[in-house]
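Participant: just a sequence and a predicted model for now, questions to come.
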Amino acid sequence: MRSTDPNTLTSQSTPAAQPRPLDSHGMRIDTERRSGDVVVAHVSGEVDLLSAPELRQWVEQHTSAGNGLVIDLDGVGFLGSAGLSVLAELSEKATNDKLAWAVVATKRVVLRPLEATGLVSQMPVHSDVDEAVKAVADTE
């Protein structure tokens, strides 16, 4: 069942019907639920000092339910230190709470900061959403 509220989860393995417009900070998060209770966040735009709090809030709201989590960063055009901080916090939370999660990252604009900070070795990074969802679902 699809929700008419674009901020809520949508049906099995289909993208959100109405993506949220970019917020005033230039980032959008489209959410979908996949098989095995895996929640996927398709993040696009810029993840910087102004938009990272929204990403942090989204992560907090979607990790409390105990679902698997995939963060698709292939739509991100800029990943700043504040966005890296959100990912580092999620990595630590995942370790402490035994949360099944993954990141999808194939673009240099995202991979380079992850590599430069060493975060890439602390998180499960995959090359596509289906692969990441399968990995997360298999560990739940």
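Facilitator: Alright, I've got the coordinates. Numbering: from 1, shown residues only.
Participant: so the most centrally placed residue in the chain is in which element?
Facilitator: Geometric centre of the chain, nearest residue: Ile71, 2.0 Å, by C-alpha atoms, centre = their mean. Counting by DSSP states H and E, the element that carries Ile71 is strand 68-79.
Participant: buried residues in that strand?
Facilitator: Buried residues in strand 68-79, counted by 16 or more other C-beta atoms under 10 Å: 68-76, 79. (Glycine included, C-beta is placed from N, CA and C.)
Participant: look up phi and psi at Ser91.
Facilitator: phi -60, psi -40 (degrees, to the nearest 10).
Participant: next up, the contacts around it.
Facilitator: Contact analysis of Ser91 by C-beta atoms under 8 Å, 6 or more residues apart in numbering lists 119, 122-123.
Participant: show me the shaky parts of the chain.
Facilitator: Within the chain, the ranges that satisfy pLDDT under 70 run 1-24, 64-66, 140.
Participant: convert the C-alpha atoms of the strand or helix carrying Glu115 to PDB, please.
Facilitator: Glu115 is located in helix 108-117, with elements delineated by DSSP H and E. Written as PDB, here are the backbone C-alpha positions of helix 108-117 (Å, rounded to 0.1, in the frame of the first residue of the first chain):
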ATOM      1  CA  ARG A 108      34.000   9.700  -6.600                       C
ATOM      2  CA  VAL A 109      32.300  12.700  -4.900                       C
ATOM      3  CA  VAL A 110      31.200  10.300  -2.100                       C
ATOM      4  CA  LEU A 111      33.900   7.600  -2.200                       C
ATOM      5  CA  ARG A 112      36.800  10.100  -2.000                       C
ATOM      6  CA  PRO A 113      35.800  11.600   1.400                       C
ATOM      7  CA  LEU A 114      34.900   8.100   2.700                       C
ATOM      8  CA  GLU A 115      38.400   6.900   1.700                       C
ATOM      9  CA  ALA A 116      40.200  10.000   2.900                       C
ATOM     10  CA  THR A 117      38.700   9.700   6.400                       C
END
